[in-house]
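Undergrad: Give me a 3D structure for the following:
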Amino acid sequence: MKKAVILFNLGGPDKLESVEPFLFNLFNDPAIISIPSIFRYPLAKFISKRRAPIAKNIYKEIGNKSPILELTQDQARSLENSLSEKGEYKCFVIMRCWHPRASDVITKVKEYNPEEIILLPLYPQYSASTSGSSISEWNDLCKKENYKIKTKTICCYPTESNFIASHVSLIKKTLQHVENNNFKLIFSAHGLPESKIKKGDPYQWQVEQTVKEIMSKLQTENLDYTISYQSRVGPMKWIGPSTDSEIIKYSKEKKGVVIVPVAFVSDHSETLVELDIEYKKLAEKNGCSFYKRVPALGIEEYFIKGLAELVLRPQTRGDFVSSIMCPNKFVKCPCLEL
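TA: I've put the predicted structure just below:
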């Protein structure tokens with residue numbers, strides 16, 4: 001039985017000239033800016049044009065492009081290899097805001113002619129702005145093209161055992177090279193406007209569940225840790241505390257800082273520039289005794305094993321697979337809509 005696995009991620013510009021149109025696609029997504037398209041389109045044009053010079057400088061720090069497509073393709077190949085003994089699986093990559101787009105990939109999926117499709121967002125913690133947006137785009141496209149096929153959706157996996165084991169393994173390896181025990185372990189996740197959480201998005205709660213599981217499996221006594229959120233954009237209030245404010249706080253206490261990118265499964269500008277360059281400079285400026293960043297999961301053995309097991313797992317609720325059930329107040333969780 002032929003099955004197609006579609007890996008979703010945000011994407012990133014493949015050259016400096018792509019930065020502005022990439023940003024436009026990002027801000028023109030109704031899951032990001034929830035206003036009528038007649039107003040969203042010009043607003044997205046304005047924001048992307050205004051932010052493009054700043055963003056270009058960021059990408060100049062990492063070779064004038066984002067590495068996220070190549071890294072996601074590596075994950076797709078590793079997952080396909082892991083699944084090869086379980087049946088006939090082929091992995092496809094779709095990026096939400098840059099190439100390859102869903103409209104390009106659906107043709108290749110049809111040519112492969114699978115009997116079932118598994119949708120796999122590379123966002124461990126569900127948000128309507130990330131996983132939800134990618135899943136909706138694909139489902140809408142299938143309806144538009146009248147492409148009817150059995151589909152299973154992996155909603156989220158914030159507490160999946162191998163996902164947790166992957167983080168634990170990488171954290172332990174990093175801590176082996178820490179100079180002393182006077183440090184703060186900071187779990188940093190991408191931020192989200194507070195208004196999204198108040199409307200029932202489960203993202204922040206799921207991030208907290210991930211960290212809770214990691215800490216229980218680390219089994220390291222008196223390990224001082226906190227959760228923070230990075231990559232704020234615009235004037236609205238975002239969930240906190242912010243990663244930069246936490247770094248300043250503990251650096252001024254002369255502590256070391258160890259950063260864990262807990263919601264990023266591959267490297268891109270938020271890890272390679274924001275965490276590795278900008279926040280490191282911020283830490284050193286404020287007296288941090290040492291600064292280390294735990295690697296993103298990438299193709300780490302446990303992580304790929306966990307993705308494979310999710311693909312093979314039967315649906316737990318309707319057409320969805322999830323490692324956790326959200327409380328009823330998180331109305332944006334698609335599993336609760338069933």
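Undergrad: Tell me which residue is most central in the chain.
TA: For the chain, the residue nearest the mean C-alpha position is Y123 (3.9 Å; CA atoms, centre = their mean).
Undergrad: which SSE is that residue in?
TA: Y123 is part of no helix or strand when elements are defined by DSSP states H and E.
Undergrad: Please verify my assumption that it contacts C156.
TA: Yes: between Y123 and C156 there is a contact under CB atoms under 8 Å: 7.5 Å. Glycine gets a C-beta too; all of them are placed from N, C-alpha and C.
Undergrad: and the nearest residue to F330 once chain neighbours are set aside, how many neighbours?
TA: Using CB to CB, 6 or more residues apart in numbering and skipping the chain neighbours, the partner closest in space to F330 is P202 (3.7 Å). Using other CB atoms under 10 Å, P202 has 27 other residues around it.
Undergrad: cool, and T220?
TA: Neighbours of T220 (other CB under 10 Å): 14.
Undergrad: Quick check: which helices or strands does the longest helix along the chain pack against?
TA: Criterion DSSP state H: the longest helix present in the chain is helix 37-60. Applying 3 or more CB pairs under 8 Å, 6 or more residues apart in numbering; DSSP states H and E, we find helix 37-60 packed against helix 19-27, helix 269.
Undergrad: so what's the residue nearest to F330 up against?
TA: 125-127, 156, 326, 330, 332-333 (CB atoms under 8 Å, 6 or more residues apart in numbering).
Undergrad: okay if I get those as CSV plus secondary structure, pLDDT and distance to G191?
TA: Listed next are the contacts of P202 as CSV, based on DSSP: H, G, I helix; E, B strand; the rest coil; pLDDT from 0 to 100; distance: CB to CB, whole Å:
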residue, secondary structure, pLDDT, distance to G191
Q125, coil, 98, 12
Y126, coil, 98, 16
S127, coil, 97, 11
C156, strand, 97, 18
C326, coil, 94, 19
F330, coil, 95, 18
K332, coil, 94, 16
C333, coil, 94, 19
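Undergrad: Can you show me the helices along the stretch 201-338 of the chain?
TA: 203-218, 243-252, 269, 279-285, 301-312 (DSSP state H, counting those that start in this stretch).
Undergrad: Show me how this protein divides into domains.
TA: As given by automatic domain parsing, the domain ranges for the chain are 2-11+66-157+300-337, 161-293.
Undergrad: do you know which of the ones you listed lies nearest S18?
TA: When these are compared by CB to CB, domain 2-11+66-157+300-337 sits nearest S18, at 6.6 Å.
Undergrad: tell me how far the closest one is from the chain's mean position?
TA: Averaging C-alpha positions (CA atoms, centre = their mean, to the nearest Å) puts domain 2-11+66-157+300-337 13 Å from its chain's average.
Undergrad: Over to stretch 278-293?
TA: 24 Å.
Undergrad: And it, what's buried?
TA: 279-280, 282-283, 286, 288-293 (16 or more other CB atoms under 10 Å).
Undergrad: Touching both of Y123 and C156, which residues are there?
TA: By CB under 8 Å, 6+ apart, the residues touching both Y123 and C156 are S131.
Undergrad: My read is that V260 contacts V168, right?
TA: No: the pair V260 / V168 is not scored as a contact, 10.3 Å apart, by CB under 8 Å.
Undergrad: More neighbours: which of those two?
TA: V260 (26 against 19).
Undergrad: which strand residues sit across from that one in the sheet?
TA: Listed beta-bridge partners, V260: F187 (assigned using DSSP bridges).
Undergrad: tell me the contacts of it?
TA: Here V260 is in contact with 167, 171, 185-188, 214, 294 (CB under 8 Å, 6+ apart).
Undergrad: can you check M215 too?
TA: 223, 225.
Undergrad: Neighbours of Q176, how many?
TA: Counted with other CB under 10 Å, residues neighbouring Q176 total 7.
Undergrad: try Y250
TA: Close neighbours of Y250, defined as other CB under 10 Å, add up to 23.
Undergrad: Could you report the pLDDT at the nearest residue to K60 once chain neighbours are set aside?
TA: The shortest distance from K60 to any non-neighbouring residue, by CB to CB, 6+ apart, is to L16 (7.3 Å). The model reports L16 with a pLDDT of 98.
Undergrad: Quick one: residues contacting L16.
TA: Neighbour list for L16: 56, 59-60, 64-65 [criterion: CB under 8 Å, 6+ apart].
Undergrad: Is there a quick ChimeraX command that grabs whichever of these are buried?
TA: This is how ChimeraX selects the buried members of the contacts of L16, with burial counted by 16+ other CB under 10 Å:
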select :56,59,65
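Undergrad: can you list the contacts of L16 in a markdown table and add pLDDT and distance to M95?
TA: Shown next, in a markdown table, are the contacts of L16 (pLDDT from 0 to 100; distance: CB to CB, whole Å):
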| residue | pLDDT | distance to M95 |
| --- | --- | --- |
| K56 | 97 | 19 |
| Y59 | 97 | 16 |
| K60 | 97 | 21 |
| N64 | 98 | 18 |
| K65 | 97 | 13 |
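Undergrad: I'd like to know how far the residue nearest to P334 when sequence neighbours are not counted sits from Y126.
TA: Leaving aside its sequence neighbours, P334 sits nearest to C155 (CB to CB, 6+ apart; 5.9 Å). Counting by CB to CB, to the nearest Å, the gap from C155 to Y126 is 6 Å.
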